[in-house]
Every structure is written in structure tokens, then in C-alpha cells.
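Chemist: Here you go, sequence then predicted model.
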Amino acid sequence: MASRISELVLGCRDPEALARFWCEVLDFVVLGREDDGSMEIGPREGFGGAQPTLFLSRRDRPEPGLTRLHIDVNATDRDQDAELERLLALGARPADIGQTGEESWHVLADPEGNVFCLLRRRLAPL
């Protein structure tokens with residue numbers, strides 16, 4: 001038996017705003033809130049299902065340096081171009097991390113600057 005990813009943790013100043021953004025991007029719901037404003041979002045079936053949850057950990061100050069962990073997303077019901085348009089309309093913005101422009105994916109940043117990638121391959125919804 002192996003381990004598997006159950007949740008991803010993302011430090012942020014405004015968990016509420018990022019929860020709105022990531023819930024729209026991933027079709028997630030808010031699963032829980034902590035007293036300090038941190039939040040957990042995830043698929044409707046909750047923690048422990050086929051998809052990991054995303055824990056938005058409230059931080060008063062941004063952590064120095066680049067984020068060492070990022071999220072890759074794949075469209076489930078549209079092509080990459082249409083999903084890119086949707087993500088940009090939700091508040092994502094292009095991010096330059098030194099890519100060549102020949103990549104098959106798009107590097108984006110969420111509203112707080114956390115980098116994530118939109119991959120080309122379309123995945124079936126769970």
C-alpha cells in the first residue's frame with residue numbers, strides 16, 4: 001500500500017477570496033472553516049475522496065521566495081483555450097516563471113500570486 005495526496009495546503013492572506021476563486025475553478029465547495037479564518041475546500045463528497053482537498057491556511061505575511069508547491073489543473077468539459085479564457089475571467093493572470101513559450105501548458109497565477117498550470121489534456125470528470 002502507498003500513500004496518496006489527501007490535501008494541498010496553500011498559505012494566503014485572504015482565504016475567503018481564494019476559496020471563492022478555487023471553488024469556481026475546480027467546482028469545489030467549502031468543507032470547513034477554522035477560527036483563524038483558514039478554510040478547507042474540496043469536492044462535494046468531502047475529504048478522503050478521489051480528489052485531494054485544498055486547505056487555505058491564513059498567513060498575515062506572504063512567505064518569502066517562490067511557492068514550492070503548485071497546483072496543476074486540467075479542463076473536464078471544454079478545451080484548453082476555453083478553460084484558459086474562463087480562468088482569466090475568474091481573476092487568474094498569466095505568470096512568467098521562465099517558460100519558453102513552446103510548452104503545451106499555460107502558467108497562471110491566482111488572485112494572490114500563487115502559480116498554477118493549466119494543462120492541455122482534458123480529463124473526464126469524476
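Modeler: Yep, that arrived. Numbering: from 1, shown residues only.
Chemist: hey, let's count contacts and neighbours off CA atoms from now on
Modeler: Will do.
Chemist: roughly how far apart are Glu7 and Met39?
Modeler: 12 Å (CA to CA, to the nearest Å).
Chemist: for Glu24, that is, sorry about that
Modeler: From Glu24 to Met39 the distance is 15 Å (CA to CA).
Chemist: the more surrounded of these two?
Modeler: Applying other CA atoms under 10 Å to Glu24 and Met39 shows that Met39 carries more neighbours, namely 21 against 14.
Chemist: got a list of what the more buried one touches?
Modeler: By CA atoms under 8 Å, 6 or more residues apart in numbering, the contact set of Met39 is Pro15, Glu16, Ala19, Val30, Leu31, Gly32, Arg33, Phe55, Leu56, Ser57.
Chemist: Please identify which of those is nearest to His106.
Modeler: Of all the contacts of Met39, Ala19 has the smallest distance to His106: 21.4 Å, by CA to CA.
Chemist: Pull the contacting residues for the closest one.
Modeler: So Ala19 contacts Val30, Met39, Ile41, Leu56 (CA under 8 Å, 6+ apart).
Chemist: which residues pair with the second one across the strands?
Modeler: Read it as Met39. Per DSSP bridges, the residues bridged to Met39 are Arg33, Leu56.
Chemist: Any chance of JSON lines for the contacts of Ala19, columns distance to Arg121 and pLDDT?
Modeler: JSON lines is the format used below for those (distance: CA to CA, whole Å; pLDDT from 0 to 100):
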{"residue": "Val30", "distance to Arg121": "27", "pLDDT": "98"}
{"residue": "Met39", "distance to Arg121": "29", "pLDDT": "96"}
{"residue": "Ile41", "distance to Arg121": "24", "pLDDT": "97"}
{"residue": "Leu56", "distance to Arg121": "26", "pLDDT": "94"}
